[in-house]
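Q: structure, please.
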Amino acid sequence: MRRWKTWLLFGALVWVGGGTLTYFFGYADDRRFFIPGPTTHGHYQIELKCDACHTPMMGVKTDACNTCHAAELAAVNDTHPRTKFTDPRNAELRTRLDADECVACHREHRPDHTHAMGVSQPEDLCFHCHQEIGKERPSHAGLGFKTCATAGCHNFHDNTALYEDFIAKHTGEPDTRERAARLIRVAASLAPGAKPLTGADRVVPAGIVADQQLIYEWEQSAHARAGVNCAECHQAGDTNKPWIAQPSETSCARCHDHAVQGFLGSRHGMRLAAGLSALTPTDARLPMRADAAHRTMTCNACHGTHRYDTRTAAVDACLRCHDDRHSRAYVGSPHQLTWLAELAGDAAPGTGVSCATCHLPRELHRVGGHDVVRVQHNQNANLRPNEKMIRTACLDCHGYGFVLDALADRALIAANFQGRPGRHLDTVEMVVRRLVSEASRQTTKENQP
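A: Residues are numbered from 1 along each chain as shown. Just a heads-up that it's a prediction; the model follows:
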């Protein structure tokens, strides 16, 4: 209590003194001095933006969590939504586990109580509501409650690739498909009456001098081919507005709102979304290349400032910063070989596997009555837990059972999938046995006099 009283007194003095003491002790405007414990991997980048999560009274409400996570939970049809715990019919269960607020299970600044993905509940959490599962399902008899979230089994919120009907649909598939079933993006088309632009067509205010290399890069870009002139980015589409030397993601959002919103929701852009400075590799907890320390994560960090080469963004931009074992092992991997074959024209478009293929997958959207292929720029959307990748990436090329085993093998992931899985999960077999058992019982019932 003495320690807490001292901390509160010191905080009050700093507040009243307008920051004088923090400057005196060398913590100028650095709120990390007041953080009671390390922030989780999912939130540490925005830990200086306390009010992104905390109310003025320092509580954390579900509304704050929903600011970033509501759309994702809705998209996966959250298997444990808040309504499950506020439903009066579950009042008895709620006495065992009151989880109608996110902070019931996710608590920050408590590293000694925090497991993977910021979960701060005991590993046998499922026991509170599913005590009878061993009797209800013979396949689960004898299984420990700490195994519920084992790879290939259950996730608390997102089970879109792990429910029985989906697994049953994908039984008996080969390890590798003969042809990749990947979505193909269609190049932007010219507006009616427009034409591809060249350097001679560019329109800039008087006094603006551009480097010839930048002009050349713009001429080779999809922007110039689609008739997008300089003012669209540098003057927000209005030549009467002031010239913006370095357009931000706000300019990109005028045409690429879906991509920008995904980026702002990702690890790469979440600092910008919170009103902080752009992420740099030095802010990361993953190993990063030392020569990338100066780079700032904006749209241009991956796409370039004028060329906007999406092929460069798909691999080279990633490897310019990331230096973990998984990233380094991509070079020379079977995935990279397919990518190089596509770039060389030796393989069909869409058959190559780049970093973006798995971590920034293409998705089909219905826009204005038409199907549109878009890239999901929020890499969190299919990464944690990694079973999210099954539907959006892995099944394009591989069979379900092979994918489950591969994603459960940490050593194989670190090696960027060079080799075969060293683990085997019983998930598919358990579903098949259950379906056979159900069918047998149904047949027996029908044959009874």
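
Q: center of this structure, which residue is that?
A: Asn380 (1.1 Å; CA atoms, centre = their mean).

Q: now that one. Nearest residue, chain neighbours left out?
A: Nearest non-adjacent residue to Asn380, counting by CB to CB, 6 or more residues apart in numbering: Ser266, 5.7 Å away. For glycine as for every other residue, the C-beta is placed from the backbone atoms N, C-alpha and C.

Q: for Val428, same thing?
A: Spatially, and ignoring its direct neighbours in sequence, Val428 is nearest to Gly401 (4.8 Å; CB to CB, 6+ apart).

Q: quick revisit: now the residue nearest to Asn380, what's its secondary structure?
A: Following DSSP: H, G, I helix; E, B strand; the rest coil, Ser266 is assigned to coil.

Q: what's the residue nearest to the centre of the chain in contact with, if anything?
A: By CB atoms under 8 Å, 6 or more residues apart in numbering, the contact list for Asn380 reads 42, 72, 265-267.

Q: can I have the buried ones of those residues as a PyMOL selection?
A: Per 16 or more other CB atoms under 10 Å, the buried members of the contacts of Asn380 correspond to this PyMOL selection:
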select buried, resi 42+72+265+266+267
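
Q: of the contacts of Asn380, closest to Ala314?
A: Relative to Ala314, the closest of the contacts of Asn380 is Ser266; by CB to CB it sits at 15.6 Å.

Q: once you drop chain neighbours, what's closest to Lys195?
A: Lys195 sits nearest to Gly227 (CB to CB, 6+ apart), 6.3 Å away.

Q: okay, stretch 377-388 in CSV with CA atoms only?
A: Extracted in CSV, the C-alpha atoms of stretch 377-388 (Å, rounded to 0.1, in the frame of the first residue of the first chain):
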residue,chain,number,x,y,z
HIS,A,377,-4.3,-4.9,-45.7
ASN,A,378,-4.9,-5.8,-42.0
GLN,A,379,-2.5,-8.7,-41.5
ASN,A,380,-4.0,-9.3,-38.1
ALA,A,381,-7.2,-10.4,-39.8
ASN,A,382,-5.8,-13.9,-40.6
LEU,A,383,-2.8,-14.3,-38.4
ARG,A,384,-3.8,-14.7,-34.7
PRO,A,385,-4.8,-17.4,-34.2
ASN,A,386,-3.1,-18.8,-37.4
GLU,A,387,-6.1,-21.0,-38.2
LYS,A,388,-7.6,-17.9,-39.7
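
Q: let me see the mean pLDDT of that stretch.
A: Mean per-residue pLDDT for stretch 377-388: 89.

Q: now do stretch 407-421
A: On average, the pLDDT along stretch 407-421 is 96.

Q: what is the end-to-end distance of that stretch?
A: Using CA to CA, to the nearest Å, one end of stretch 407-421 lies 8 Å from the other.

Q: buried residues in it, which are they?
A: Buried, per 16+ other CB under 10 Å, within stretch 407-421: 407-409, 412-413, 415-417, 421.

Q: so where's this protein uncertain?
A: 1-30, 188-189, 191 (pLDDT under 70).

Q: for it, which segments count as strands?
A: Secondary structure of the chain (DSSP state E): strands at 362-367, 370-375.

Q: who wins for proximity to Ile46 among those?
A: Closest to Ile46 of the strands of the chain is strand 370-375 (CB to CB; 23.7 Å).

Q: which neighbours does the closest one have in its sheet, and in what orientation?
A: strand 362-367 (antiparallel) (DSSP bridges).

Q: return the strand it pairs with as CSV; C-alpha atoms alone will do.
A: Provided in CSV are the C-alpha atoms of strand 362-367 (Å, rounded to 0.1, in the frame of the first residue of the first chain):
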residue,chain,number,x,y,z
ARG,A,362,-7.2,-11.2,-51.6
GLU,A,363,-10.9,-11.2,-50.8
LEU,A,364,-14.0,-11.1,-52.8
HIS,A,365,-16.4,-8.2,-52.1
ARG,A,366,-19.7,-7.3,-53.6
VAL,A,367,-19.6,-3.6,-54.6
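
Q: circling back: list the residues that contact the residue nearest to Val428.
A: Gly401 is in contact with 170-171, 173, 175, 427-428, counting by CB under 8 Å, 6+ apart.

Q: for Glu249, see how far away it is.
A: Relative to Glu249, Gly401 is positioned 41 Å away (CB to CB, to the nearest Å).

Q: same question, Thr305
A: Thr305 sits 13 Å away from Glu249, taking CB to CB as the criterion.

Q: higher neighbour count, the two?
A: Shown here are Thr305 and Glu249; by other CB atoms under 10 Å, Glu249 has more neighbours (19 against 15).

Q: can you pull the contacts of that one?
A: Neighbouring residues of Glu249 by CB under 8 Å, 6+ apart: 260, 263-264, 269, 272, 298-299.

Q: how does it look with 10 Å?
A: 256, 259-261, 263-264, 269, 272-273, 278, 298-300 (CB atoms under 10 Å, 6 or more residues apart in numbering).

Q: now, these that are in helices?
A: Using DSSP state H, the subset of these located in helices is 256, 259-261, 263-264, 272-273, 299-300.

Q: related to what we said a few turns ago, which residues are in contact with the residue nearest to Asn380?
A: Taking CB under 10 Å, 6+ apart, we find Ser266 in contact with 273, 279, 297, 359-360, 376-381, 383.

Q: go with 8 Å
A: Contacts of Ser266 by CB under 8 Å, 6+ apart are 377-380.

Q: do Leu425 as well
A: Contact partners of Leu425, counting by CB under 8 Å, 6+ apart, are 151-152, 404-405, 408.

Q: spatially nearest residue to it (excluding sequence neighbours)?
A: Leaving aside its sequence neighbours, Leu425 sits nearest to Gly152 (CB to CB, 6+ apart; 3.9 Å).

Q: would you confirm that that neighbour contacts Glu429?
A: No. Taking contacts as CB atoms under 8 Å, Gly152 lies outside contact range of Glu429: 10.9 Å.

Q: higher neighbour count, those two?
A: Gly152 (22 against 13).

Q: phi and psi next, for that one.
A: Backbone torsions for Gly152, taken as degrees, to the nearest 10, come to phi 90, psi 0.

Q: how close does it get to His115?
A: As judged by CB to CB, Gly152 and His115 stand 18 Å apart.

Q: likewise Arg384?
A: 13 Å.

Q: the two: which is more packed in?
A: Just comparing Arg384 and His115: by other CB under 10 Å the higher neighbour count belongs to Arg384, 16 against 11.

Q: so for the more buried one, what's the nearest residue that isn't a sequence neighbour?
A: Closest residue in space to Arg384, ignoring its immediate chain neighbours: Met117 at 5.6 Å, by CB to CB, 6+ apart.
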